[in-house]
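Student: sequence first, then the predicted structure, then my questions.
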2 protein chains.
Amino acid sequence: MARVFSSINGSANLLTSVRCSYSTCYRPMVVEMGRDQSYRASIESEIEAHLKKVISIKPPESVFEPMHYLTFATPKSTAPALCVAACELVGGERAEALAAASAIHLMHVATYTHQHMHGSGTKPGPTIDHKFGPNIELLMGDGIMPFAIELLAKAMSPARENSDKILRVITEVTRAVGLQGLLEGQFRAVEWTQSGNGDEEMLEYVCKKKEGEIHACGAACGAILGDGNDEEVESLRNYGLYVGTIQGMINGVGRNNYNNRMEELRISAMKELQTRFKGKKVRPIASLIEESFVPPSQSNLL
Amino acid sequence: MARVFSSINGSANLLTSVRCSYSTCYRPMVVEMGRDQSYRASIESEIEAHLKKVISIKPPESVFEPMHYLTFATPKSTAPALCVAACELVGGERAEALAAASAIHLMHVATYTHQHMHGSGTKPGPTIDHKFGPNIELLMGDGIMPFAIELLAKAMSPARENSDKILRVITEVTRAVGLQGLLEGQFRAVEWTQSGNGDEEMLEYVCKKKEGEIHACGAACGAILGDGNDEEVESLRNYGLYVGTIQGMINGVGRNNYNNRMEELRISAMKELQTRFKGKKVRPIASLIEESFVPPSQSNLL
């Protein structure tokens, strides 16, 4: 098995002291990272506009109507916005990352739709209200995935000078959602629930696979599309892996149970930005994630 | 709705006279097309070897073992072999088409695996014997699809001079299995079964979507990878559409119910080869399909 992060300490009471310790060590970065909701909102609005352009409700309506509904009703992951933010951080234009960010959202929609069907082994997975039966859910998940890749492949410029970058991005996305990425996470989630032993190390591994790798992929793809160099791509991949893993853990236990293991991961994430992007505007990309991590009762700490 | 082929005549009794009429009109092609099982067998053996190389059973075994099993246990479609044969027909090397043919087989495996879960609306779909539960089936289908695309994306040559061709092929494959291709066929199959009216025109449309378009894609991808010109690509796409549609109809009613509508489609398919590839060795590509069409009791007609 690949490297497993060390165990989680589940105590929510550690939050304040851990955050104080974090503030002491990384105060300059905390100042840099204040919330900037409008940045995330502006990115998500552009991704949504892009998706609305490419997923019109056209014949056959029985196919495109549920696809349209599920695409916009599924709760958003931060991975697509991270893709756009990474592109901008390395100096790229937002428009260069919109197709990839949309494809990453669609992959999330496809897996979210199917996840409802298998849950975590014993209980049904997350769901959204809709009128479609399980057959449509199954078919939709199957259909949205190739549509996402087609969207990416069609992002080749008319002069075809970006074919290599597009192929790298396709490889990143398919690997992140595939059998050694998100799908492995879903397998492990089923095993973890069935085992019933509450192994926290395995739970973190599941979060790394299910959420960490798609965030890592989003950030790496943004950097590739924005013409970042190899070090920037890898550093943003690491950043995405840390923040996605924390995101997965928070999705599991709730923001009010933010704990010191999550804080360790967050410190590692910030180090990636500080080390590789010294002097660059890291506040926007950090702000995308920060707001999800802090429990509402502690939000004045940011 | 896109063009719908005209209705099917379900009478098996017409077979002999239709085939005689066919022999009269297209005798030279019949002579050209005699069975050549070793051609199909040799292609499929190379595709299988390619797949065995890329899908070894490695950690995590709980993921790769079922993937390995399903990949090799799922009944073969002729679409992957058609991809290789089309590549060779336009003058390409077999090796150039093996990744695409393998990816097309994997897409077939993914949809076949899920098809068992939804069937055609009221009854379970085709299945193969295995020890895996529905959760594994669902996750496998989801995981095999991105793996297939990753395989294609990685077929980029080290010098990257074939990136544009690979992107074209990715677009072809994702479109063929997506919401306006195979998936639409699966939607229509569910509707068709639920309607219970036995509309033969709709049944043919379902076969065109479910089997025709993936065969069309296979043939077109082979021609693209073998550096065929645009006319060759489109002609082989049409050929694949005809023969895949017939294949779908035969899968539904059995070889002993080969009928005159199938024969009409077969004649159209042969015309594509005769017109565009006059003087070229069309026998191998025709032989791939021919053997599936003829009822065992009539096989001496070939």
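Tutor: Right, received. Where do you want to start? Numbers count the residues shown, from 1 in each chain, chains lettered A, B, ... in the order given.
Student: so A:G91, which state does it fall into?
Tutor: coil (DSSP: H, G, I helix; E, B strand; the rest coil).
Student: find the residue closest to it in space, skipping its chain neighbours.
Tutor: A:G226 (6.0 Å; C-beta to C-beta, 6 or more residues apart in numbering or on different chains). Where you see a C-beta, it was placed from the backbone N, CA and C, and this is true even at glycine.
Student: so the one you found versus A:L98, what's the distance?
Tutor: Relative to A:L98, A:G226 is positioned 12 Å away (C-beta to C-beta, to the nearest Å).
Student: ditto for A:C83
Tutor: 9 Å.
Student: which one's more surrounded, the two?
Tutor: Using other C-beta atoms under 10 Å in any protein chain shown as the criterion, A:C83 and A:L98 rank with A:C83 on top: 36 against 24.
Student: secondary structure element for A:L139?
Tutor: Assigned by DSSP states H and E, A:L139 falls within helix A:134-153.
Student: now do the spatially most central residue of chain A, the pLDDT please.
Tutor: Centroid-nearest residue in chain A, with C-alpha atoms, centre = their mean: A:A79, separated by 2.7 Å. Looking at A:A79, its pLDDT reads 97.
Student: where does the stretch 201-302 of chain A dip in pLDDT?
Tutor: Residue ranges of the stretch 201-302 of chain A with pLDDT under 70: A:291-302.
Student: before we move on, the earlier item: okay, angle between the helix holding A:L139 and helix B:134-153 too, please.
Tutor: Angle between the axes of helix A:134-153 and helix B:134-153 is 20 degrees (criterion: axes from the mean of the first three to the mean of the last three C-alpha atoms, to 10 degrees).
Student: what comes into contact with the next helix or strand after helix A:134-153?
Tutor: Heading C-terminal from helix A:134-153, the first helix or strand you meet, by DSSP H and E, is helix A:163-177. Residues from elsewhere that reach helix A:163-177 (C-beta atoms under 8 Å, 6 or more residues apart in numbering or on different chains): A:100, A:103-104, A:107, A:111, A:145, A:148-149, A:152-153, A:155-156, A:181-183, A:213-214, A:216-217, A:220-221, A:224-225, B:146-147, B:149-150, B:153-154, B:156, B:160, B:163-164, B:166-167, B:170.
Student: which residue sits closest to whatever residue of the stretch 201-302 of chain A ends up closest to chain B, ignoring its sequence neighbours?
Tutor: Closest to chain B within the stretch 201-302 of chain A is A:K209: 9.9 Å, counting by C-beta to the nearest C-beta. Take A:K209 and drop its neighbours on the chain: the residue closest to it by C-beta to C-beta, 6+ apart is A:G185, 3.0 Å away.
Student: for the one you found, give its distance to chain B.
Tutor: With distances taken as C-beta to the nearest C-beta, to the nearest Å, A:G185 is found 10 Å from chain B.
Student: which helix or strand contains that residue?
Tutor: helix A:182-195.
Student: report the inter-axis angle for that helix versus helix A:163-177.
Tutor: Going by the same axes, to 10 degrees, helix A:182-195 makes 10 degrees with helix A:163-177.
Student: can you pull the buried residues of helix A:182-195?
Tutor: Buried residues in helix A:182-195, counted by 16 or more other C-beta atoms under 10 Å in any protein chain shown: A:L182, A:L183, A:E184, A:G185, A:Q186, A:F187, A:R188, A:A189, A:V190, A:E191, A:W192.
Student: which residue sits closest to the second one, ignoring its sequence neighbours?
Tutor: Okay, so that is A:L183. B:G143 (3.9 Å).
Student: residue contacts, the nearest residue to A:N238 once chain neighbours are set aside?
Tutor: Nearest-residue entry for A:N238: A:E272, 5.0 Å, with adjacent residues in sequence omitted and distances by C-beta to C-beta, 6+ apart. A:E272 sits next to A:S235, A:L236, A:N238, A:Y239, A:Y242 when contact means C-beta under 8 Å, 6+ apart.
Student: helix, strand, or coil at the third one?
Tutor: Pointing back at A:N238 there. helix.
Student: that one and A:A216 touch, don't they?
Tutor: Yes. Between A:N238 and A:A216 there is a contact under C-beta atoms under 8 Å: 7.3 Å.
Student: okay, these two: which has more neighbours?
Tutor: Neighbour totals were compared for A:N238 and A:A216, and A:A216 leads with 27 against 20 (other C-beta under 10 Å).
Student: please save the CA atoms from the helix or strand hosting that one in CSV.
Tutor: Using DSSP H and E, A:A216 sits in helix A:213-225. This file holds the C-alpha atoms of helix A:213-225, laid out as CSV (Å, rounded to 0.1, in the frame of the first residue of the first chain):
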residue,chain,number,x,y,z
GLU,A,213,-6.0,13.0,-5.3
ILE,A,214,-8.7,14.8,-7.2
HIS,A,215,-7.6,18.0,-5.6
ALA,A,216,-4.0,17.2,-6.3
CYS,A,217,-5.0,16.6,-9.9
GLY,A,218,-7.0,19.8,-10.1
ALA,A,219,-4.0,21.9,-8.9
ALA,A,220,-1.5,20.1,-11.1
CYS,A,221,-3.7,20.4,-14.2
GLY,A,222,-4.1,24.2,-13.5
ALA,A,223,-0.4,24.6,-13.3
ILE,A,224,0.2,22.5,-16.5
LEU,A,225,-2.3,24.6,-18.4
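Student: ok now that helix, how far from the chain's centre?
Tutor: 9 Å (C-alpha atoms, centre = their mean, to the nearest Å).
Student: go ahead and confirm A:L106 touches A:L152.
Tutor: No. A:L106 lies out of contact with A:L152 (C-beta under 8 Å); the separation is 9.6 Å.
Student: whichever helix or strand A:C87 is part of to helix A:213-225, inter-axis angle?
Tutor: Element membership for A:C87, per DSSP H and E: helix A:79-89. Between the axis of helix A:79-89 and that of helix A:213-225 there is an angle of 30 degrees, by the same axes, to 10 degrees.
Student: orientation of the helix or strand that helix A:79-89 is followed by relative to helix A:163-177 in degrees?
Tutor: The helix or strand immediately downstream of helix A:79-89 is helix A:98-118, counting by DSSP H and E. Comparing the axes of helix A:98-118 and helix A:163-177 via the same axes, to 10 degrees yields an angle of 20 degrees.
Student: could you give the number of residues near the spatially closest residue to the residue nearest to the centre of chain A that is not a sequence neighbour?
Tutor: Counting by C-beta to C-beta, 6+ apart, A:A79 lies nearest to A:G218, which is 3.8 Å off, once chain neighbours are set aside. Residues near A:G218, counting by other C-beta under 10 Å, number 34.
Student: re earlier: list the helices and strands the helix holding A:L139 packs on?
Tutor: Applying 3 or more C-beta pairs under 8 Å, 6 or more residues apart in numbering or on different chains; DSSP states H and E, we find helix A:134-153 packed against helix A:61-73, helix A:98-118, helix A:163-177, helix B:94-118, helix B:134-153, helix B:163-177, helix B:182-195.
Student: tell me the mean pLDDT over that helix?
Tutor: Mean predicted confidence for helix A:134-153 is 88.
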